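> Pasting a predicted model and its sequence here:
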Amino acid sequence: MIINPAMCFSFKPPSAVISTSVRIVFMGASLPDYPQTSNPHFNPPMNPARIQLFHGAHQPFQMGTAALPDELHSGEVLIEISLATICGSDLHTTEGRRSAPTPCVLGHEAVGHVVSSARDGIAYGQRVTWTLADSCGQCAPCTRWHLPQKCAHLFKYGHASLSDGSGLNGCYASHIVLRPGTQIMTVPDALPDAIVAPANCALATIVNALEMLPDPCESALVQGGGLLGIYASAWLRHRGVREVFCTDLSPQRLALVAEFGGIPVSHGEKMPQVDLVLEVTGSSAVIPDGVKALRPGGHYIWAGMVHPDTKLDLTGEAVLRKCLTLRGVHNYAPHHLVTGLDFLAQSHTRLPFEKLTSPALPLEQLNEGFDLTRSRQWQRVAIQP
Ligand SMILES: [Zn+2]
Ligand SMILES: [Zn+2]
């Protein structure tokens, strides 16, 4: 997108709420004056932003700072992050199984407040979440193919170099600058941060994966009882699927799946043929079992095998003779996140979503947060800037 400098907006909080001035002292340094406000929801912006820098696989995160932009280009929005959660894909990055430009700020699952906006309809103070990718809205994937997540000019948060734009491109930070092609959604007040933060990755992906169901779809098998499998079990039940079986090697995970409406199935246990199978294990070894479990005309959806080590043991004949539909799913479009947030708003009082996220660790303890993620005690570890 070409940005006209004349369209730049100054970075100022609303003048109507400004009262006096306050000096912020941060990390021992005296910083310029910022306006103080009578609005209890307004936090005077700290300058610079606090960030956790990723320098490469197997290296610890390093706390640092980055200047907040003093002006926003048209369509940009500056967010103060309230809570971020550690996604499994970031774990892959820190372990060298996924590459990222360094140094950079990782993290793409979060919720926050608007500090400053240069976009119509997005106002200072709003509590929001956003799509994890920024797309151009012009290219064939964005317009004709209905796949904005495959935009020809795609930008992904938590995956861009510190030298790209403002540098505030990830969620392990006090602030993030959202770009003009990022969809921003307000969050219902009733939903706690810990329930909302993982929605813009795991939940929205599940909503996309399960958008098209076979007809009829009375039973399903979810292969994998991690966060994706838990969301899938709950979402399929919400959509009226009577029986949702779920397989996983961990009895603890399966116990949690049961709390979200899934039926735990242990390895080797017999189960009836199903209308739909969803793969969210990340392992191609489960594919033959999935094909076997499907009824003729069933749908098989793959959403977990997001890495190259996924060679398949599968014949074309097995798919063809059973008249199966195979569908691969990666990320999601903005409307899937809207649907996911609606689902959380409708179901958070009857489903124990709060059990999925750890008590929050401060941003300064991000390294400990990754250790906790590796311990697999929680589906998500929360980080509070
Ligand atoms: Zn994620
Ligand atoms: Zn595009």
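Noted; the coordinates are in hand. Ligands and ions are numbered 1, 2, ... in the order given.
> make it CA atoms for all contacts and neighbour counts henceforth
Noted.
> Just read off the phi/psi values of the residue nearest the centre of the chain.
Nearest to the geometric centre of the chain sits residue 201, at 2.2 Å (Cα atoms, centre = their mean). Dihedral angles of residue 201 (phi, psi; degrees, to the nearest 10) stand at phi -130, psi -80.
> That one - nearest residue in space that isn't next to it in sequence?
residue 109 (6.2 Å; Cα to Cα, 6 or more residues apart in numbering).
> do the same with residue 103
Of all residues not flanking residue 103 in the chain, residue 55 sits nearest, at 4.8 Å (Cα to Cα, 6+ apart).
> Run a quick neighbour tally on the one you found.
Residue 55 sits with 17 neighbouring residues when counted by other Cα atoms under 10 Å.
> for residue 70, same thing?
10.
> Repeat that for residue 355.
14.
> Could you give the secondary structure assignment for it?
helix (DSSP: H, G, I helix; E, B strand; the rest coil).
> Looking at residue 364 now. What's its pLDDT?
Confidence at residue 364, expressed as pLDDT, is 98.
> do you know how far the residue of the stretch 251-385 of the chain found nearest ligand 1 is from residue 81?
Minimum separation of the stretch 251-385 of the chain from ligand 1 (Cα to the ion) falls at residue 331, amounting to 9.0 Å. Plainly put, residue 331 is 22 Å away from residue 81 if you go by Cα to Cα, to the nearest Å.
> Secondary structure of residue 79: a strand, I assume?
Yes. Counting by three-state DSSP, residue 79 falls inside a strand.
> Touching, it and residue 112? I think so.
Yes. At 6.1 Å, residue 79 counts as touching residue 112 under the criterion of Cα atoms under 8 Å.
> Could I get the buried residue list for stretch 315-327?
The neighbour-count check on stretch 315-327 (16 or more other Cα atoms under 10 Å) flags 319, 324 as buried.
> I misspoke; the intended subject was stretch 53-70.
53-57, 60-61, 63, 65-66, 68-69.
> Need these in CSV (columns: pLDDT).
Formatted as CSV, those follow (pLDDT from 0 to 100):
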residue, pLDDT
53, 98
54, 98
55, 97
56, 97
57, 96
60, 97
61, 98
63, 97
65, 95
66, 95
68, 95
69, 93
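> which of these sit farthest apart?
Spatial extent of the buried residues of stretch 53-70 (Cα to Cα) is set by the pair 57 and 69 at 28.7 Å.
> Would you check that the residue nearest to residue 103 makes contact with residue 102?
Yes. If you go by Cα under 8 Å, residue 55 and residue 102 touch, sitting 5.4 Å apart.
> count of neighbours near residue 185?
So residue 185, with other Cα under 10 Å, has 18 neighbours.
> What residues does the residue nearest to residue 283 when sequence neighbours are not counted make contact with?
Take residue 283 and drop its neighbours on the chain: the residue closest to it by Cα to Cα, 6+ apart is residue 305, 6.1 Å away. With contacts defined as Cα atoms under 8 Å, 6 or more residues apart in numbering, residue 305 is in contact with 279-284.
> swap in residue 122?
Each residue near residue 122 by Cα under 8 Å, 6+ apart is listed here: 77, 114, 184.
> so the last one bridges to which residues?
The reference is to residue 184. residue 130 (DSSP bridges).
> what pLDDT does it get?
98.
> can I assume residue 228 sits in a strand?
No. Residue 228 sits outside any strand when classified using three-state DSSP, being helix.
> how close does it get to ligand 2?
Here residue 228 is placed at a distance of 27 Å from ligand 2 (Cα to the ion, to the nearest Å).
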